[in-house]
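# Model the following, please.
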Amino acid sequence: MSWLAFLAFNGLLGCAAATDLRTFRIPNALPLLVAAAGLVLHLPLTPGEWLDRAAAVALVGIGGGLLWLRGLFGGGDYKLIWACALWTGLSGFTPFALAFGLASGVQGLAALLIAQAPGRRAPLRSRLGGRVPLALSIAAAGLYWSLLQSPALH
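This is a model prediction of the structure:
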């Protein structure tokens, strides 16, 4: 992965995380930009790479779609993870998914602690209202995956 691709991927995920944290929404333009940047800056070169990416997009599309239909994911979260699958491919999606699971578990635990906290955290508790801005966890997983791909590490 080039430095430009690394910066674009993580910059866009950072924008999505900041927007989700502030508004509890991820504008459609952000997952679209993540996907487009993946095709331009992290272009699959061989037929095997194209199949690897297509398989990841299909599996994440089906799995994420089922989670979204059950109300376990927001639509923006679903689209953002789908766009990340275009970058990671099936072969790279496992470390991304594990990092996402860990980050969202920590984030969910923090949300539970905030919900149970007495007094002083009431404004934050009422602002969250049981919602968890998962783009934070998606961005953390994306950063982890992209660090594994980073030119500095190879």
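# rest of the way, CA atoms for contacts and neighbours
Will do.
# Ser137 contacts Phe100, correct?
Yes. Because the distance of 5.6 Å satisfies Cα atoms under 8 Å, Ser137 is recorded as touching Phe100.
# which strands and helices sit next to the longest helix along the chain?
The single longest helix within the chain, with elements called by DSSP state H, is helix 75-116. Helix 75-116 is packed against helix 29-41, helix 47-69, helix 122-128, helix 135-149, with contacts defined by 3 or more Cα pairs under 8 Å, 6 or more residues apart in numbering; DSSP states H and E.
# lowest-confidence helix or strand of this structure?
Every helix and strand in the chain was compared by mean pLDDT, DSSP states H and E; the lowest is helix 122-128, with a mean of 56.
# Let me know the distance separating the spatially most central residue of the chain from Ala54.
Residue closest to the mean C-alpha point of the chain, counted by Cα atoms, centre = their mean, is Ile138 at 2.6 Å. Distance of Ile138 to Ala54, given as Cα to Cα, to the nearest Å: 20 Å.
# Return the most buried member of the helices and strands packed on helix 75-116.
Mean neighbour count (mean count of other Cα atoms under 10 Å) peaks for helix 135-149 among those, with a mean of 23.
# what about Ile26, is that helix, strand or coil?
coil (DSSP: H, G, I helix; E, B strand; the rest coil).
# any idea how far it lies from Gly89?
Applying Cα to Cα to Ile26 and Gly89 gives a distance of 22 Å.
# Among those two, which residue is more densely surrounded?
Each of Ile26 and Gly89 has its neighbours counted (other Cα atoms under 10 Å); Ile26 has more, 25 against 20.
# thinking that one is in contact with Gly14, fair?
No. If you go by Cα under 8 Å, Ile26 and Gly14 don't touch, sitting 11.3 Å apart.
# Sketch out the low-pLDDT regions of this protein for me.
Applying pLDDT under 70 to the chain flags the ranges 117-130, 151-154.
# at 80 instead, please
In the predicted model of the chain, residues 112-131, 150-154 satisfy pLDDT under 80.
# Run a quick check on Phe6 versus Tyr144, I expect a contact.
No. With contacts counted by Cα under 8 Å, Phe6 stays clear of Tyr144, the gap being 11.1 Å.
# Pro44 in helix, strand or coil?
For Pro44, the assignment made with three-state DSSP gives coil.
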